[in-house]
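1. this one's sequence-less:
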Ligand code: ADP
């Protein structure tokens, strides 16, 4: 009989049968049955006592010895305990492995509690951020990383990107810090030492700036001589064509060098703390005149919707460069006679500059890469039309420096719209009557 309850029933039956017979023999059935009941109850109470003591003592590994149903109960609890112990051991081992792996991460990793208090950190955090136990346990993260950029990042709550700050222990070390929310109200702070990367980036910027700078003087000399030669021998049947081609190529190189210099100035130059008042409508009028000159005999149809009262706080030279790049691109990539719409208006988000053309358009997969340096959809066409491949990179950097963003919509064969959205804080009212000029 494998069922312990059945066995127990049998034991009880046999015991009571024996007591009944003995009771009959002695003529005291009730007394014998009562005695049997008391002995049976006592046995259960004793086993209950053993169970309670075993559970309280806990440490005793083996279960108490017993019989019948109690033996089965003890055995089952014992097995359950064994299983739990094994599970606990496995969990402990897993936790240890996880902690060893996290500790070995080259990035400083800090676990924050619900109140942004520091709960745990790895070895890199100890080295990079000089965290010490127990001193820093429970300290708030904004007490440790006090840089205003980090505090703003933390309060803003948009953790899609990281923020670059100097290390609190050594200002020559640059850290890219990101916050990763997880679980309920918990956050992980990951800080990566990007000093080497920043230095490399700086070396690249310096190199491009120096090369461009060094190339500028020889180019000016060459183009000067070429100009004189063209004046003297421009009509020469042998040399005329070659000289014109050399002069064109020199101009192209000068344009590229100028654009590279402008780009490195935009990258390295300090953000202007005190922006100028920019008369965008006036600037656009000049740009449109120039665009009409570039269009020349191609006869593009220019339309303008300009809010003449709307100005902008920013850097005039930079904005002129960005806006003219967009308008001139529209001319260069729109077939003769095509319409080009230039708009300067106020939207809910703030001032907005928009150039819409009816040109060749751009396939969707090129759009995300257009602002990369020298990225061209059609290199041949770009060169033929005098492009340097740097125009949109310049636009992107100028907009970045003006807290604006660039949106590009395009349909191949139909045309493109380039939209620069500025924030409302940059808006400036210009004196004069409000009118929307349409040309
Ligand atoms: P580029 O000097 O070659 O014009 P840009 O950086 O100004 O360099 O533009 C990058 C590429 O984007 C261009 O080569 C061209 O393929 C594409 N592009 C830019 N503007 C337009 C436009 N308005 N219509 C179609 N393609 C455009």
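-> That came in fine, so what should we check first? The model shown is predicted, which means the values in this text are computed figures rather than measured ones.

2. Please make it C-alpha for all contacts and neighbour counts, starting now.
-> Fine.

3. name the helices or strands packed onto the longest helix along the chain?
-> Longest helix of the chain, by residue count under DSSP state H: helix 195-233. With contacts taken as 3 or more C-alpha pairs under 8 Å, 6 or more residues apart in numbering; DSSP states H and E, helix 195-233 sits against strand 174-182, helix 240-268.

4. Can you check what angle separates it from strand 174-182?
-> Orientation check (axes from the mean of the first three to the mean of the last three C-alpha atoms, to 10 degrees): helix 195-233 against strand 174-182 gives 120 degrees.

5. domain ranges for the chain?
-> If you go by automatic domain parsing, the domain ranges for the chain are 3-95, 105-193, 200-268, 276-437.

6. among these, which is nearest the ligand?
-> Taking C-alpha to the nearest ligand atom, domain 276-437 is the member of these nearest to the ligand, at 3.1 Å.

7. ok, back up a step: any chance of the domains of the chain in JSON lines, with mean neighbour count, distance to the ligand and mean pLDDT too?
-> Output for the domains of the chain, formatted as JSON lines (neighbours: other C-alpha atoms under 10 Å; distance: least, C-alpha to the nearest ligand atom, whole Å; pLDDT from 0 to 100):
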{"stretch": "domain 3-95", "mean neighbour count": "14", "distance to the ligand": "52", "mean pLDDT": "89"}
{"stretch": "domain 105-193", "mean neighbour count": "16", "distance to the ligand": "25", "mean pLDDT": "90"}
{"stretch": "domain 200-268", "mean neighbour count": "15", "distance to the ligand": "9", "mean pLDDT": "91"}
{"stretch": "domain 276-437", "mean neighbour count": "18", "distance to the ligand": "3", "mean pLDDT": "93"}
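
8. Provide the angle between the direction of the longest helix of the chain and the direction of helix 240-268.
-> Here the directions of helix 195-233 and helix 240-268 differ by 150 degrees (the same axes, to 10 degrees).

9. contact partners of stretch 342-354?
-> 281, 302-307, 310, 312, 327, 341, 355-356, 417-427 (C-alpha atoms under 8 Å, 6 or more residues apart in numbering).

10. correction: stretch 19-37
-> Contacts of stretch 19-37 (C-alpha under 8 Å, 6+ apart): 15, 16.

11. what separates it from the chain centre, distance-wise?
-> Centroid separation for stretch 19-37 versus its chain: 86 Å, with C-alpha atoms, centre = their mean, to the nearest Å.

12. Let me see the contact set for the residue most central in space within the chain.
-> In the chain, the C-alpha nearest the mean C-alpha coordinate belongs to residue 161, at 2.8 Å (C-alpha atoms, centre = their mean). Contacts for residue 161 (C-alpha under 8 Å, 6+ apart) come out as residue 178.

13. Next one: it relative to residue 264, how far apart?
-> Distance, residue 161 to residue 264, by C-alpha to C-alpha, to the nearest Å: 24 Å.

14. tell me which element residue 192 is part of?
-> Element membership for residue 192, per DSSP states H and E: strand 186-193.

15. Identify the residues contacting the closest residue to residue 179 other than its chain neighbours.
-> In space, and not counting its chain neighbours, residue 179 is closest to residue 189: 4.6 Å by C-alpha to C-alpha, 6 or more residues apart in numbering. Residues in contact with residue 189 (C-alpha under 8 Å, 6+ apart) are 108, 109, 110, 111, 112, 177, 178, 179, 180.

16. give me that answer again for 7 Å
-> Residues near residue 189 by C-alpha atoms under 7 Å, 6 or more residues apart in numbering: 109, 110, 111, 178, 179, 180.

17. hey, what's it bridged with?
-> Beta bridges link residue 189 to residue 110, residue 179 when assigned by DSSP bridges.
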